[in-house]
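Chemist: Need coordinates for the below:
(one chain, ligands or ions: 1)
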Amino acid sequence: MFETLKEQPADKILQLMQMYREDPREQKIDLGVGVYKDASGNTPVMRAIKAAEKTLWETETTKSYTGLAGDPGFADAMVSLVLGDSVPRDCVSAAATPGGTGAVRQGFDLVKMANPKAKVWVSDPTWPNHLSILKHMGMEFTPYRYFDSATRGVDFVHMIADLTAVMPGDVVLLHGCCHNPTGANLTQAQWKAVIELLLDKEAVPMIDIAYQGFGDGLDEDAIGVRMVAEKMPEVIIAASCSKNFGIYRERTGLLMTVSKDRSRSKLNQGTLNYLNRQNYSFPPDHGARLVTMVLTTPELRADWAAELEEVRNSMLGLRQQLADELKRLTNSDRFDFIAQHRGMFSRLGASPEQVETLRRDHGIYMVGDSRLNIAGLNKTTVPLLAEAIVKSGV
Ligand code: LMR
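Modeler: Got it, this is the predicted structure:
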């Protein structure tokens, strides 16, 4: 049987991670995978998570199963973090998943069950794993234009032009904030226009929110998703706790559905439970429990929010430093977009050859589409990157 298996395409981001590890050069900079790193290159366990872990170790008396949707306290805490009071809680059904990727995968599964004919519209570009999962599931998808490679901002005119072809029941995948891979995000006015269009087209928005708190702040980054939840009759939301709680390997995420018709919530909840049971039975609990403890214990929550703010400000500082340095070296403002982008990533707009030159000649690793992880930099490496960018002819 196994002889029929074919080699699968390698994930570009994970492949880059491996290449970086194997590079023997001392002077190298990893701007690849979306993991936060502090100034010394470490990905720390956040203080509040560490404190919650200690308490959990002391107080947890069983490792028996939770519910199929995970601990209800986790869903409550996360629904409130993501959706605020944009919709009544009883319009939301939610199930814990293994990470944000698990939530995305279950979300697509839900679409497939509810409307096998649905086409999924994805931003061009989007996180490559969105496409890989859709392909793997045999689901139809179509890109909509999103990024303007001249301005490095959102190409909103073409985005709207492409989305006018959406059919009733189609699903439009949107990034809640901190667009991956571009760093270019919708304004509130643009969110509003997208909502009006989707309402008109009777399409269903699916929002992937994996970086809440990394852009402009916890509430600010949720504005788009909350506007959508408030206005649209049905929404699918995949949230990740990997980045904003720094618990990557604990695989902690939540899939939510919003339905304004409350009589659907029970059915939706049952479907989410069913999907969990089919795919992995009970979702992992450790990370979810830590998140719940952090969000529901006032001192831990305050400390977590403060540390997240430090992380966010450090990335904003690095963005500004890089934009300033490039302005100085090029005598132009053509890299100012780096300071305007939000989240962990910016798409630099370098060609694949220039990305390769940066890696080969300067030991600088970024994804082939020239996505760079701002958090992979520090004050000392910013000037090195700026110089290499200029030398590589970007
Ligand atoms: C990324 O885009 O680098 C992260 O979301 C990590 C991943 O799994 O790809």
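Chemist: Go ahead and confirm residue 140 touches residue 119.
Modeler: Yes. The pair residue 140 / residue 119 is scored as a contact, 4.8 Å apart, by CB atoms under 8 Å. Where you see a C-beta, it was placed from the backbone N, CA and C, and this is true even at glycine.
Chemist: Would you mind telling me which of those two has more residues around it?
Modeler: Taking neighbours as other CB atoms under 10 Å, residue 140 and residue 119 compare with residue 119 leading, 19 against 11.
Chemist: Now do the same for the more buried one: its pLDDT.
Modeler: Listed pLDDT for residue 119 reads 98.
Chemist: where's the closest residue to residue 352 other than its chain neighbours relative to residue 358, distance?
Modeler: Using CB to CB, 6 or more residues apart in numbering and skipping the chain neighbours, the partner closest in space to residue 352 is residue 368 (5.6 Å). Using CB to CB, to the nearest Å, residue 368 is found at 11 Å from residue 358.
Chemist: more crowded one of the two?
Modeler: Neighbours of residue 368 and residue 358, each counted by other CB under 10 Å, are more numerous for residue 358; the result is 25 against 16.
Chemist: Please enumerate the strands of the stretch 201-350 of the chain.
Modeler: Using DSSP state E, counting those that start in this stretch, the strands of the stretch 201-350 of the chain run over residues 204-209, 234-240, 253-259, 345-347.
Chemist: neighbours of the closest residue to the ligand within the chain, just the number please.
Modeler: Distances between the chain and the ligand by CB to the nearest ligand atom are smallest at residue 34, namely 3.1 Å. When neighbours are defined as other CB under 10 Å, residue 34 has 23 of them.
Chemist: And the one 4 residues further on, by the same measure?
Modeler: A count of nearby residues for residue 38, using other CB under 10 Å, gives 13.
Chemist: Spatially nearest residue to it (excluding sequence neighbours)?
Modeler: residue 44 (5.9 Å).
Chemist: how near is that neighbour to residue 372?
Modeler: Distance from residue 44 to residue 372, by CB to CB: 21 Å.
Chemist: Neighbour count for these two, which is higher?
Modeler: residue 372 (28 against 14).
Chemist: Relative to the whole chain's centre, how far out is the helix ranked longest in the chain?
Modeler: For the chain, the helix that runs over the most residues, judged by DSSP state H, is helix 298-330. The chain centroid and the centroid of helix 298-330 are separated by 18 Å under CA atoms, centre = their mean, to the nearest Å.
Chemist: Report all helices and strands that that helix contacts.
Modeler: helix 47-59, helix 286-296, helix 337-340, helix 381-391 (3 or more CB pairs under 8 Å, 6 or more residues apart in numbering; DSSP states H and E).
Chemist: and among those, the most buried is which?
Modeler: helix 286-296 (a mean of 23; mean count of other CB atoms under 10 Å).
Chemist: Send me that one as CSV with only the CA atoms.
Modeler: These are the backbone C-alpha positions of helix 286-296, laid out as CSV (Å, rounded to 0.1, in the frame of the first residue of the first chain):
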residue,chain,number,x,y,z
HIS,A,286,-3.3,22.2,29.2
GLY,A,287,-2.9,25.4,27.2
ALA,A,288,-6.6,26.1,27.2
ARG,A,289,-6.7,25.8,31.0
LEU,A,290,-3.7,28.2,31.3
VAL,A,291,-5.4,30.7,29.1
THR,A,292,-8.6,30.5,31.1
MET,A,293,-6.7,31.0,34.3
VAL,A,294,-4.9,34.0,32.9
LEU,A,295,-8.0,35.6,31.5
THR,A,296,-10.2,35.0,34.6
